[in-house]
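S.K.: A structural model of the following input is requested.
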Amino acid sequence: MVAPRFKPIEQCATEGRSRQAVAADLDGTLLLSRSAFPYYLLVALEAGGALRAVALLLSVPFVYLTYVAFSEPLAVRALLYVAVAGLRAADIEAVARSVLPRFYAGDVHPEGWRVFRSFGRRCVVTASPRAMVEPFAREFLGADVVIGTELEVGDDGRATGFVAKPGVLVGEHKRRAVVREFGGAPPDVGMGDRQSDFDFMSICTEAYIVTRKKYRAVPRDQLQSRVVLHDGRLVRRPTATNTLLTFLWVPVGFALALLRVHLIRLLPERVVLYAYKLLGVKLVVRGHPPPPAAAKKSRRPGVLFVCNHRTALDPVMVAAALGRKVTCVTGSFAGVLGRDTDAARARVRRLLEEGDVVVFPEGAPGRGPSLPRFGALFAELTDRIVPVAIDAKESMFRGSTARGLKRMDPYFFFMNPRPTYEVTFLDKLPGELTCGGGGRSAVEVADYVQKVLAVQLGFECTSITRKEY
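M.R.: Residues are numbered from 1 along each chain as shown. Modelled structure (predicted):
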């Protein structure tokens, strides 16, 4: 129900706001969800580990009871203590930069964003820790100022689990924080969604409340920036229900992953595709790959399959899609050839004389719906280049991470109930688009391959390098 003192956000006009200032709450106002629990859970899991995440989930009934029976600040303090006590502040900030934005960006309130984006000066004021919120609010919402609860950090650089003065930003504390920021010129518009926001909203020239009407989240590409790189193991936003179901699945999923990983190693490539089907793994193969090189009979050199990189399982899936063994030069490809030595080139050329070779010019698995700049040296090795578009579909766990243990990547991917791999073989590059036959530079060839793979996958081409990944 709309509070009697404030108009609903739908009635807020956005024309002529470019020189005005707005102060807005986050959860339930700029975001659809009124609960910050999923973001505390992500910090606990990614920076603290699975046991801390389980402890946080188990605390939910106590926190909810505290919120209803006592106060919002006490509930936030309890949630915060379990989530971050003892964690390095640097780790919390890293998760806030690399993991949280993808989940925040998928939950933006359309009416809150419609109004917020129209102002020239934007301020976010929230009870959530500023360290968790600020990277997303500044980059993706265009916030000029982020005012949030401050974490108390000890001399050893670790969060104590308590909050610094003046405490959790709700009610009167929010109002005072807004007054300190804006001084004698209060915000032109205040936006909130609950009673603890009314204090700061009441000092604004205009104030609007975000009602509980059902809306769909704003498409990610309509925000201030796009999420290009992201990290984290979870696919879905970890609400309390989703998290409980995920943790209940883990024992079954891990046993299934062990079977999927180790049984396949015992089977020949020509039957792997059928074994995957029996184990619930869907491998979709499109296009028409060239036949085996058969170099000993025809002396025809092998084909260089140039692939984008999604997970550590890419070489296995390409071999299964081809139904034969192939030589794969993985992460070392970019590093070895990056030194530009004759020995490195000669090594890969010898491999091509013996058969087909699979390479990944990205050098590291992708971290979003985008392709980084491809290393160009593969284009100098042969003119027989076949681009291969690879995509992985996960429903519960992501099969690649920049922060976690890389050796666990295959297990996390196979812990998904029905994981899907899509391998699409594109046409071999025409001679006129290669270095030898067409006189193109290696960079031109690499950029072209990156572009055709991005178009096939519906990804964005970027100039991000492997070091930035």
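
S.K.: just give me the neighbour total for the nearest residue to G404 once chain neighbours are set aside.
M.R.: Nearest residue to G404, sequence neighbours excluded (CB to CB, 6 or more residues apart in numbering): R233, at 6.4 Å. The way it works is simple: take the backbone N, C-alpha and C, and place the C-beta from them, glycine included. By the measure other CB atoms under 10 Å, the count of residues near R233 is 23.

S.K.: my read: R233 touches Y411, true?
M.R.: No: in this structure, R233 is not within contact of Y411 by CB atoms under 8 Å, at 10.9 Å.

S.K.: name the helix or strand of the chain that has the lowest mean pLDDT.
M.R.: Counting by mean pLDDT, DSSP states H and E, the weakest-scoring helix or strand in the chain turns out to be helix 331-338, with a mean of 47.

S.K.: now the element after that helix, going C-ward?
M.R.: Moving toward the C-terminus from helix 331-338, the next helix or strand (DSSP states H and E) is helix 342-354.

S.K.: that older thread, with A275 as the reference, measure out to the residue nearest to G404.
M.R.: Noted for R233: a distance of 26 Å to A275, by CB to CB, to the nearest Å.

S.K.: go on, T401?
M.R.: With CB to CB as the criterion, T401 and A275 are 26 Å apart.

S.K.: so for the two, which sits in the more crowded spot?
M.R.: T401 (21 against 16).

S.K.: wait, doesn't that one sit right on R233?
M.R.: Yes: counting by CB under 8 Å, R233 is a contact partner of T401 at 6.0 Å.

S.K.: okay, and the common contacts of these two?
M.R.: F412 (CB atoms under 8 Å, 6 or more residues apart in numbering).

S.K.: can you pull out the strands in the stretch 151-300 of the chain?
M.R.: Taking DSSP state E, counting those that start in this stretch as the test, the strands found in the stretch 151-300 of the chain are 151-153, 159-163, 189-192, 206-209, 282-287.

S.K.: the third one - which strands sit beside it in the sheet, and in what orientation?
M.R.: Put plainly, it is strand 189-192. strand 21-24 (parallel), strand 206-209 (parallel) (DSSP bridges).

S.K.: repeat for the first one
M.R.: Listed by DSSP bridges, the sheet partners of strand 151-153 and their directions read strand 159-163 (antiparallel).

S.K.: so which bits of the strand it pairs with are buried?
M.R.: By neighbour count on 16 or more other CB atoms under 10 Å, the buried set for strand 159-163 is 159, 161, 163.

S.K.: from Y40, how far out is the second one?
M.R.: Separation of G161 from Y40 (CB to CB): 12 Å.

S.K.: any shared contact partners between the two?
M.R.: Going by CB under 8 Å, 6+ apart, residues that sit against G161 and also against Y40 are L80.

S.K.: what would the strands paired with strand 189-192 look like in JSON lines with mean neighbour count and distance to D91?
M.R.: Below are the strands paired with strand 189-192 laid out as JSON lines (neighbours: other CB atoms under 10 Å; distance: least, CB to CB, whole Å):
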{"stretch": "strand 21-24", "mean neighbour count": "28", "distance to D91": "28"}
{"stretch": "strand 206-209", "mean neighbour count": "22", "distance to D91": "36"}
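
S.K.: right, and these - which one's nearest E111?
M.R.: Ranking the strands paired with strand 189-192 by proximity to E111 (CB to CB) places strand 206-209 first, at 9.1 Å.

S.K.: quick one: residues in contact with that closest one.
M.R.: Counting by CB under 8 Å, 6+ apart, 2-3, 5-9, 11-12, 115, 188-193, 197, 201 sit against strand 206-209.
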